[in-house]
Structure formats: structure tokens, C-alpha cells
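[1] Pasted the sequence and its predicted model underneath.
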There are 2 protein chains.
Amino acid sequence: MTPFTSNRADSVMAQGELKLINGIRRWLGAASPESPFGIGDDCAVIPPTKNHQLVTTDPVIFGRHFDASVPPQSVGAKLLKRNLSDIAAMGGKPVAAVISLALAPDTSVAWLRGFYRGLARCALRYRVKIVGGDITEGPAGFVGAFLTLHGESTGTRVVTRSGARSGDRIYVTGSLGGSLLGHHHRFSPRLAEGAWLARRKEVCSMMDVSDGLAKDLDSLTPDLLAPALFEKNIPISTAARLSARRTNASPLQHALCDGEDYELLIVVRARSEQKRFERDWKKRFPKTKLSHLGQFFPRRQTPADALRLADYRGYEHLR
Amino acid sequence: MTPFTSNRADSVMAQGELKLINGIRRWLGAASPESPFGIGDDCAVIPPTKNHQLVTTDPVIFGRHFDASVPPQSVGAKLLKRNLSDIAAMGGKPVAAVISLALAPDTSVAWLRGFYRGLARCALRYRVKIVGGDITEGPAGFVGAFLTLHGESTGTRVVTRSGARSGDRIYVTGSLGGSLLGHHHRFSPRLAEGAWLARRKEVCSMMDVSDGLAKDLDSLTPDLLAPALFEKNIPISTAARLSARRTNASPLQHALCDGEDYELLIVVRARSEQKRFERDWKKRFPKTKLSHLGQFFPRRQTPADALRLADYRGYEHLR
């Protein structure tokens, strides 16, 4: 569905701000609490939390993160899920979100309704309250939604990207690659998994895979170390194999570079009981694959048969 | 200064994401703490607060909130100050912000540096930490910065927009109108005033004037009441008088409708000591005017000589 309408009466411009905000409240329904804890005041108010707060922000922009082939409900859900995945990657739980919209004057009200309905459904599912936002006129052809999500840590610990040491093992959830075949808006953020992993002492660092494993793993790699991954351990998705039939790239290239996997990339201490960790995972998440990809080595001691990740470039924004 | 460059080497596109993020850290300097409390992880981490948290979001978009005539430093400062004004309006103090940028590929690095330097300077002045964000490619001609600001209440109380009763007095800080002559990016958010007002028991509701007094006052007006304001009490700014010389509108119209005043609009209980409140204000803020505009009446009992605010339309977004 295209976000634009040629019929002025069906556009956001024809509604004006007040009607539109009332519409948004209605479309959000139970996902939007009453003011002052929700939409309608200068600020949204969130009760104090005992634990550390987590904040993340990610947008969806027409022509970049979605196009007319994606239903508006999926766009709204994707916006929230992209941000939920960041909260999952630090072992947190989501609390509340605000959204800043910039919309071309001819953005259709029907599209916007679908967007908010999809967002509300996803918010209810993951227990996030939509507490406020802003709506501004954008230039012709532009539809962008910028969400900021607040969460809190589920325990005393927040799992960051730093902390890996030589010998530590590298794991990933699920399977990788081929996101463009639909996974990029159909995925489920790994919130339960992230919270479980944050409670495990052997887990020392973590992130979500958004730009492709080959690129993202750099962020977990300390200065004097290098990751050694082995081709046989990479969980290549069916979508990556299907994608390879249409492109010049191999299934492995798709798995390492496509991005938008929204899986968790995990570093586990060398000195921990590998079998127990893997067995406990299997018991708790019997349906979600956990792959042991390899481990960190001092830079010049990586095994000769390890993948040369530098040869695989992930997706780089603004390039 | 135009945000765009025709020289590819000077564009954000030529830098790529990693270089750009390193540049942003450098430009922010002391305004950006180290990760995990700052830029560089999946989420920013903010320590728990004792009081209620406040969250607000407002953008600046090229062609709408600024143009090539506004220095990039002022654009960065305005983005933060718009949001600070919302925190002020609830009597809170600011804590931390995240920014989501959408930039056309030919956005110039020099412009972006100026933007961040102006933002950083303003952040240091108001003790806000810039803790994270996102940077995404936007369509040609688009430069938008979407900021979400977190604050906390300064006491046990958050002052909302609701609570006015018949007889309550209406006040405004500073003077109104003519924002387009420069005030819209040169104002100072009323943080100290807002926090002081929130501690005064006679203050029952409050907001900031962003769309013009004539429109914004609706948000403070309960269902069965109407505000009675008197022309002689409206603090018309010099800029409003100058604007009137260039337009068909009167100075009063400019004062009531221009918007972007970022002054505080305050409701004070009828049963309170008016003189003491005004005297205490003058003692605490000798340089900031406080005008008693009028008061709330039951709808059909408003005095005949009160201003008919419905005849003055403030700025309405998306119309």
C-alpha cells in the first residue's frame, strides 16, 4: 500500500493536527495510557524505576526501510521491533516509547491508521506503552517515523558490547541471511532470550545483528583480538539460500552480510561449562537454535582455516 | 549556511558511518559521556532516578524549522532548547538526550559539525548528556534531526496541563510574538522558572507556548470554562510590533498567534495570595516579566470586554 493519496480529503493535511492526534489515540487504543502518563501533555511521565534505564532510537523511512509493497501494519510493527531488538541485546525489558513523525502533506490517513494499528498490536504483545510523540509536516514524498524506546534492565546487570577476552566463545541465535525475502519485517525480537542470557554469569557481552554478522562482530572484538569463525558453524537460513539463487553472491555471503537478522550475537567466557550452557539453553528455548560459531584469538594466532571476515563487508549506512 | 555540498568529498556520504560517528563523538566532546552511558552500544544506559521521569520529543527539519539563513550552531541549539522548554513546562530538570538523524547523502560534514558543536554547547550549559542516537540516509534535500529528551521532576510533583478551576488566574512569562525575527532560535528555555513554579503550591497547571497563546491556552482550559484575557495585559514583544509593520496583522495578532515563544503559561489558584506570589516572583526573577493576563470563568459568564480568542488562530501543524 502506498503511503500517499491523490485525494486531498483522505490526506493528513485535510485532517489537521487535533483530529489527527485524536485518531492516533483511537488507533493506539489500550497501547496508549491516559495523560499525564500518555499522549497529551508537554512531556510523558514514566514512574521511577529501581534498575538502570535503557534508551534506544531507530527510525523507519519510506524508500529506505520500507516501500509500498510492505503493509502499513508491518511498517508500524517493524519500527517497534527494531528498537525492541536493541533492548533485548542488553538483556533488558521494554517499558514505554515516544514517536516523532514527519509526514508529507499528502500522506494518506488510511495508511497512517494501518501503521498505528500494527504498532499498537505489537506494543500490546510486548507490553510497551506508547506515551507520547510529535507530528510534523515533512517534504513531499517523505514519510519517516522516529521511535525512542525506554526499557530497564531485568536484573542488576546490563550486558554491553565490551568485555570479550581471548578464548571466549562466540554464539548466535537463530539463522542468518536473506532478510530481504521478508524476515526484515517478520522477525520476533529476542527479548526472552536476551533477559535469560543476561542472568547467565558466563555471558560477558552481547549485541543484536542488524548490519550483518561480518560487520557487527567488529563491535564485540577487543583491540588485540580477532574472531575465528568456521564456515561449517554458520547457521545459513533458507532465505539466504533462496537469495543466492537470484544473485551473484553465495549463501554464506548472504548469511554474513545481508543484515536485518535481529538475532543475538553472544560472547561466552572461555572458562565456563560449555556443555551445561548449551544444555540449559536447549531446555529453556527448545525451538530456537543456538550456534557456536567460533572463538576469539590473539590477532596473529587465528587458525588458518577461519573465515576471513574482512572479505565480507556488511551493510554500511551512508556509503 | 546551506546544509548541502556539491563537492562529494565534503559530504557525509563520502565519510561513511564509522568515521561520521567518530566525528560526532569528537564534536560533542564533554557533552557525550563514554559508553555504556553514552554513544556506542545497543542502548544508552541511564542510572535509575528517584523521581518521576519526563520524556519529550521534538524535531528540527530543513525547510520547516530552519533554512540556510540560520547558522548550523543555532539549529543544533534550537533542537535541544525546543525540548528543554517542554521539560521546563512540567517543572522538571533535563538529564539525557538521544538524537535520530536522517540526512540526504550530500549533507555537508561542515554543516553537521556546526550543528553538533552548537548542540554540545547548549547541552553543557543546561547539563544534558547526549547519550546516543542513530544516523540514517534520508532522501535528497532532506535534513531532519529528531531529539528525545529525558528529564526528571525536581520534587514530588509534576505540573500537568489539567487542573484549572473557575476563578483561577492566568499568567505568562516574558513577552509574546514576532518569533520569526529571530527569537525562535535565540530564546532561553525557562527551566529555572519552571522548577520554581512547580514548588509553589498555588500553581496548579502549566505549559509552554509553542503554537501561539490563542491556540495553546485551549489545552489549559477545562470543558465548562473559558479564559477571559484582556488586551491591555498582553505582553506584546518589540519583535511583534516590528513584524506588524511588515504584515497586515496587528501587533496583538502577532503576539497571540505567531508561536515559538517558548514562554511559560501558568494557572494560579484563585484562592491564593496574589500579591505574595507576584512579589516572590519579582524577587527570584527580577529580570523576567510575569504578566497577569486574566482568569477562567464559567463559559457563558466571561466579561464582554475579554478578548475573543477564537478570532485569533494560532499556528496549526499539518494544515
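    The structure has been received and is ready for your questions.

[2] And the strands in the stretch 151-300 of chain A?
    Assigned by DSSP state E, counting those that start in this stretch, the stretch 151-300 of chain A shows strands spanning A:169-173, A:203-208, A:225-229, A:264-268, A:290-298.

[3] What pairs with the second one, parallel or antiparallel?
    Using DSSP bridges, the strands paired with strand A:203-208 are strand A:264-268 (antiparallel).

[4] Start from the N-terminal end of chain A and give the helices.
    Assigned by DSSP state H, the helices in chain A fall at A:12-15, A:17-28, A:72-88, A:109-125, A:183-186, A:191-199, A:213-216, A:238-246, A:251-257, A:274-284.

[5] Was I right to think A:S108 contacts A:P3?
    Yes: between A:S108 and A:P3 there is a contact at 6.4 Å, judged by Cβ atoms under 8 Å. From N, CA and C alone the C-beta is placed, and that goes for glycine too.

[6] More neighbours: which of these two?
    Neighbour count, other Cβ atoms under 10 Å in any protein chain shown: between A:S108 and A:P3, A:P3 has more, with 24 against 21.

[7] ok, back up a step: JSON lines please, covering the helices of chain A and showing mean neighbour count, distance to chain B and mean pLDDT.
    Conversion of the helices of chain A to JSON lines gives the following (neighbours: other Cβ atoms under 10 Å in any protein chain shown; distance: least, Cβ to the nearest Cβ, whole Å; pLDDT from 0 to 100):
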{"stretch": "helix A:12-15", "mean neighbour count": "20", "distance to chain B": "6", "mean pLDDT": "92"}
{"stretch": "helix A:17-28", "mean neighbour count": "17", "distance to chain B": "4", "mean pLDDT": "92"}
{"stretch": "helix A:72-88", "mean neighbour count": "26", "distance to chain B": "4", "mean pLDDT": "97"}
{"stretch": "helix A:109-125", "mean neighbour count": "21", "distance to chain B": "11", "mean pLDDT": "98"}
{"stretch": "helix A:183-186", "mean neighbour count": "19", "distance to chain B": "15", "mean pLDDT": "85"}
{"stretch": "helix A:191-199", "mean neighbour count": "20", "distance to chain B": "10", "mean pLDDT": "97"}
{"stretch": "helix A:213-216", "mean neighbour count": "24", "distance to chain B": "10", "mean pLDDT": "94"}
{"stretch": "helix A:238-246", "mean neighbour count": "17", "distance to chain B": "22", "mean pLDDT": "94"}
{"stretch": "helix A:251-257", "mean neighbour count": "24", "distance to chain B": "15", "mean pLDDT": "94"}
{"stretch": "helix A:274-284", "mean neighbour count": "13", "distance to chain B": "21", "mean pLDDT": "98"}
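
[8] burial of A:D67, as a residue count?
    Quick note: A:D67 (other Cβ under 10 Å) scores 11 neighbours.

[9] Let me have the helices of chain A in a markdown table, adding distance to B:S179 as columns.
    A markdown table is the format used below for the helices of chain A (distance: least, Cβ to Cβ, whole Å):
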| stretch | distance to B:S179 |
| --- | --- |
| helix A:12-15 | 23 |
| helix A:17-28 | 18 |
| helix A:72-88 | 32 |
| helix A:109-125 | 29 |
| helix A:183-186 | 41 |
| helix A:191-199 | 44 |
| helix A:213-216 | 45 |
| helix A:238-246 | 52 |
| helix A:251-257 | 49 |
| helix A:274-284 | 57 |
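
[10] Please identify which of these is closest to B:R276.
    helix A:17-28 (37.6 Å; Cβ to Cβ).

[11] Against which helices or strands is that closest one packed?
    helix A:109-125, strand A:129-137 (3 or more Cβ pairs under 8 Å, 6 or more residues apart in numbering or on different chains; DSSP states H and E).

[12] Send me that helix as PDB with only the CA atoms.
    In PDB, the C-alpha atoms belonging to helix A:17-28 read as follows (Å, rounded to 0.1, in the frame of the first residue of the first chain):
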ATOM      1  CA  GLU A  17      -3.400  18.300  13.900                       C
ATOM      2  CA  LEU A  18      -6.100  17.900  16.500                       C
ATOM      3  CA  LYS A  19      -8.200  15.400  14.600                       C
ATOM      4  CA  LEU A  20      -5.100  13.500  13.700                       C
ATOM      5  CA  ILE A  21      -4.000  13.300  17.300                       C
ATOM      6  CA  ASN A  22      -7.500  12.100  18.300                       C
ATOM      7  CA  GLY A  23      -7.300   9.500  15.500                       C
ATOM      8  CA  ILE A  24      -3.900   8.300  16.800                       C
ATOM      9  CA  ARG A  25      -5.200   7.900  20.300                       C
ATOM     10  CA  ARG A  26      -8.100   5.800  19.000                       C
ATOM     11  CA  TRP A  27      -5.900   3.700  16.700                       C
ATOM     12  CA  LEU A  28      -3.400   3.000  19.600                       C
END
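
[13] Give me the angle between that helix and helix A:109-125.
    With axes from the mean of the first three to the mean of the last three Cα atoms, to 10 degrees applied, the angle from helix A:17-28 to helix A:109-125 works out at 40 degrees.

[14] any idea how far helix A:17-28 is from the chain center?
    Computed by Cα atoms, centre = their mean, to the nearest Å, the separation of helix A:17-28 from the middle of its chain amounts to 27 Å.

[15] cool, and stretch A:281-300?
    The mean C-alpha position of stretch A:281-300 is separated from the chain mean by 20 Å, Cα atoms, centre = their mean.

[16] That stretch: which residues count as buried?
    Neighbour-count burial for stretch A:281-300 flags A:W281, A:T288, A:L290, A:S291, A:H292, A:L293, A:G294, A:Q295, A:F296, A:F297 (criterion: 16 or more other Cβ atoms under 10 Å in any protein chain shown).

[17] For the fourth one, name its beta-bridge partners.
    With DSSP bridges applied, the residues forming beta bridges to A:S291 are A:V172.

[18] I figured it hits A:L213, correct?
    No: shown here, A:S291 and A:L213 do not form a contact pair, counting by Cβ under 8 Å, at 10.7 Å.

[19] what is in contact with these two at once?
    Listed as contacting both A:S291 and A:L213 by Cβ atoms under 8 Å, 6 or more residues apart in numbering or on different chains are A:V172, A:I234.

[20] ok, back up a step: okay, the strands of the stretch 151-300 of chain A in a markdown table with mean pLDDT next?
    Shown next, in a markdown table, are the strands of the stretch 151-300 of chain A (pLDDT from 0 to 100):
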| stretch | mean pLDDT |
| --- | --- |
| strand A:169-173 | 98 |
| strand A:203-208 | 96 |
| strand A:225-229 | 97 |
| strand A:264-268 | 98 |
| strand A:290-298 | 97 |
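
[21] Most tightly packed of these?
    strand A:264-268 (a mean of 26; mean count of other Cβ atoms under 10 Å in any protein chain shown).
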